[in-house]
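Undergrad: Pasting the sequence and the predicted coordinates here, then a few questions.
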Amino acid sequence: MRFGKRAAVLAAIAGAAVASAVGASAWGSDLDFTDVSTANPKATGLASPNRLSPELQEVIAAQGSVKLENPDGAIAYYGYQADGKPFVPALGSNVEAQKTEPDKNTYLVFKRSLKGADPTYYYGTHFLFQGHEAGSPGYLTRINLDADSDHRVTLIADKTSAGAPFKSAVDGSTWDPWAKRLLLTIEAGANGAVYQTTAEPGGPVDDITPQLGRAGWEGIQNDDRGSLYLAEDVGGANGTGVNARARRPNSFVVRFVPNDPSNLKQGGKIQALQVVVNGTPLTFGASADADINSPGYTALHVYGSSYPAKWVTVATTNASTPAPGPDVNALAKAAGATPFKRPENGVFGPGSKFTEFYFDETGDTDNRTSAAASGGFGAIFKLEQSPKNDNGRISVFYNGDQEHTAFDNVTFFSKNDIALVEDAGDTLHTQRNGLDNAWLFDVRRDYSDPGTKPVRFIAEGRDVAATIDSGLSGTAGFNNDGDNEITGIHVSDGDPGTDGILGAKIPKPFKSHGKWRAFWTQQHGDNITWELIRAS
């Protein structure tokens, strides 16, 4: 075919594809993602690829079997422990290495190359950081996005400067530009923790739990005054009888107001969010059954409702506050703060001047929940507040259902498009015959109309390793997770300054200049971290 004719044909095809995409995604979004019509099914022995909106492609940034350039004992690979067991079990066996499950991603771009294990190597300026949720000890890795394969992943830390190994369940991460430290959260209930460290190996690593408190920490995020917003994920007790498949709200959304934003070790105020429903604070009740479908929680999940909310101080800390630090969950209950149904992550609306904070509830991850009207399938809340004071209002933005549920990580893709990903778990995957999904919501839309749906832009598949694990789940002595989970969804331009915190700028991923980049991690299984790019 002659070049001119071939170009004309390709242009026509491209034009038709664009027209098709726009028609399929004409839902008021700032983006043009076409909806992936169905989830990938969960079937015994079936490994399936991820399915993305046709406007997107994904490329591997790192995967579990990549060797760390600077291993430390059993901490030797990106997504596996070197514990003497095989990465893939032998036929008829359930013995395999512990998978470390890289979790929340944090993208940073520095003006100079950071140091790594090799003092002679130029590591570039673009980096992706993540804590590891499973195995012991926990650890922090850095994917060197500009580096070759031998220098691709660097171990930043797996112990504090005092020599204490990281606790397991490193979950959330963010870069605090005032403190100039990476912050890592530990999802371990009353044994939870917060660490801070530099972006290079060998730097100081501090346990700042005495100052920020203990809880089942997950998401962590700055506002423009240097305060930190944390989400706690601690599943409450199940009810009885008809409520046996539902859990009571038991976790809090927290704000830490530091005495000195540049030095978090100086302590500050630990505050928990309190919601007042019909004149009465919504608090931890007398029993699980009383809480699960209480009038207050049901009212909180009604579309169109809006209730007063305020930050209640539950503890104050300083540089001398002793370890292990305040038990934030217990103190929040005593102070009359409002527990939610497993909030996991939150993010500020871009351009809102940090007055709009969206956070999610994961819910019960079981379609037999009796709490469908009160968060059983998860929800997304919008908190309107001023970072300068303690008062605000809260409303439900979206109530989940069996298809759209178990919300976990969250990020904005544009001024108005917010993405949430699922961690539904093997039980719910089986019940609905569908694996996890990534959803794109337009914050200008009213989702109270059952016909108004978010766009599915990732229908996660299941890699071979996760398929094997799913088949082994429940066998005696087997401790790895089954199906893959979507986690670490993250869009950022990597700006490490105070103007670069999430919510300060309008995200613009997939543009030709490539300044804004998007990542996600296919946790469990092969533990692959992907970068999303615009399809060719």
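TA: Done, it's in. This structure is a prediction, so every number in the text was calculated from the model and none was measured.
Undergrad: The spatially most central residue of the chain and residue 239, how far apart?
TA: By CA atoms, centre = their mean, the chain has its centre lying nearest to residue 409, at 2.7 Å. With the distance defined as CB to CB, to the nearest Å, residue 409 ends up 28 Å from residue 239. (C-beta placed from N, C-alpha, C; glycine too.)
Undergrad: same deal with residue 418?
TA: 31 Å.
Undergrad: got it, and residue 432?
TA: Residue 432 is 22 Å from residue 239, by CB to CB.
Undergrad: so which strand or helix has residue 182?
TA: Using DSSP states H and E, residue 182 sits in strand 181-186.
Undergrad: Next up, the contacts around the nearest residue to residue 172 once chain neighbours are set aside.
TA: By the measure of CB to CB, 6 or more residues apart in numbering, the closest residue to residue 172 outside its immediate chain neighbours is residue 185, 3.9 Å from it. Residue 185 is in contact with 131, 170-173, 192-194, 217-220, 230, counting by CB atoms under 8 Å, 6 or more residues apart in numbering.
Undergrad: bridging residues for residue 185?
TA: residue 194 (DSSP bridges).
Undergrad: Neighbours of residue 463, how many?
TA: Under the neighbour criterion other CB atoms under 10 Å, residue 463 is assigned a count of 23.
Undergrad: what does residue 60 give?
TA: Other residues close to residue 60 by other CB under 10 Å number 12.
Undergrad: per-residue pLDDT, it?
TA: Per-residue pLDDT puts residue 60 at 98.
Undergrad: give me every residue that touches it.
TA: 528, 529, 530, 531.
Undergrad: Can you list the low-confidence ranges for the stretch 401-536 of the chain?
TA: Along the stretch 401-536 of the chain, the model assigns pLDDT under 70 to no residue.
Undergrad: how about 90 then?
TA: By pLDDT under 90, the weakly predicted segments of the stretch 401-536 of the chain are 511-514, 536.
Undergrad: likewise the chain?
TA: Using pLDDT under 90, the chain drops low at 1-32, 511-514, 536.
Undergrad: repeat that with 80
TA: 1-30, 512-513, 536 (pLDDT under 80).
Undergrad: can I see the domain layout of it?
TA: Taking automatic domain parsing as the domain assignment, the ranges for the chain are 1-30, 31-534.
Undergrad: Can you tell me which of the ones you listed is most buried?
TA: Mean neighbour count, computed with mean count of other CB atoms under 10 Å, is highest for domain 31-534 among the domains of the chain, reaching a mean of 20.
Undergrad: Residue 317 contacts residue 324, correct?
TA: No. Residue 317 is beyond contact range of residue 324, at 11.9 Å (criterion: CB atoms under 8 Å).
Undergrad: Find residues that contact each of those two.
TA: residue 210.
Undergrad: Which residue ranges of the stretch 301-450 of the chain form helices?
TA: Counting by DSSP state H, counting those that start in this stretch, the stretch 301-450 of the chain has helices at residues 328-334, 425-432.
Undergrad: Make a markdown table out of these and add distance to residue 262.
TA: Output for those, formatted as a markdown table (distance: least, CB to CB, whole Å):
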| stretch | distance to residue 262 |
| --- | --- |
| helix 328-334 | 23 |
| helix 425-432 | 40 |
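Undergrad: hmm, back to that, if I pick the closest residue to the residue nearest to the centre of the chain other than its chain neighbours, what's in contact with it?
TA: Distances taken as CB to CB, 6+ apart place residue 489 nearest to residue 409, at 4.7 Å, with adjacent residues excluded. Residues near residue 489 by CB under 8 Å, 6+ apart: 105, 409, 410, 411, 419, 420, 421, 438, 518, 519, 520.
Undergrad: and residue 489, backbone torsions?
TA: When read as degrees, to the nearest 10, the backbone of residue 489 gives phi -60, psi 130.
Undergrad: now do the one 5 residues further on
TA: In terms of degrees, to the nearest 10, the main-chain angles of residue 494 are phi 80, psi 10.
Undergrad: wait, what's in contact with it?
TA: Neighbours of residue 494 in contact, by CB under 8 Å, 6+ apart: 107, 108, 109, 126, 127, 500, 517.
Undergrad: Would you mind putting those into CSV with distance to residue 351 alongside?
TA: Below are the contacts of residue 494 laid out as CSV (distance: CB to CB, whole Å):
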residue, distance to residue 351
107, 20
108, 22
109, 21
126, 25
127, 26
500, 15
517, 20
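Undergrad: could you pull out the strands for the stretch 401-536 of the chain?
TA: 407-412, 417-422, 437-442, 455-459, 485-492, 517-523, 528-534 (DSSP state E, counting those that start in this stretch).
Undergrad: Tell me which residues touch residue 50, please.
TA: 40, 58, 458, 459, 460, 461, 522.
Undergrad: what would those residues look like in JSON lines with distance to residue 234?
TA: Below are these laid out as JSON lines (distance: CB to CB, whole Å):
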{"residue": "40", "distance to residue 234": "30"}
{"residue": "58", "distance to residue 234": "32"}
{"residue": "458", "distance to residue 234": "28"}
{"residue": "459", "distance to residue 234": "30"}
{"residue": "460", "distance to residue 234": "25"}
{"residue": "461", "distance to residue 234": "30"}
{"residue": "522", "distance to residue 234": "25"}
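Undergrad: Please export the C-alpha coordinates of stretch 233-251 as CSV.
TA: What follows is stretch 233-251, C-alpha atoms only, in CSV (Å, rounded to 0.1, in the frame of the first residue of the first chain):
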residue,chain,number,x,y,z
ASP,A,233,-9.3,0.8,58.5
VAL,A,234,-10.3,-1.5,61.4
GLY,A,235,-13.2,-3.8,60.7
GLY,A,236,-15.8,-3.8,63.5
ALA,A,237,-17.5,-6.8,65.0
ASN,A,238,-20.1,-8.7,63.1
GLY,A,239,-23.7,-8.5,64.2
THR,A,240,-25.9,-11.4,65.2
GLY,A,241,-28.9,-13.0,63.5
VAL,A,242,-29.8,-11.2,60.3
ASN,A,243,-26.7,-9.0,60.8
ALA,A,244,-24.2,-11.8,60.9
ARG,A,245,-22.8,-10.8,57.6
ALA,A,246,-22.4,-7.1,58.4
ARG,A,247,-19.9,-5.3,60.5
ARG,A,248,-20.4,-2.3,62.7
PRO,A,249,-18.7,1.0,61.9
ASN,A,250,-15.4,1.0,63.8
SER,A,251,-12.9,3.2,62.1
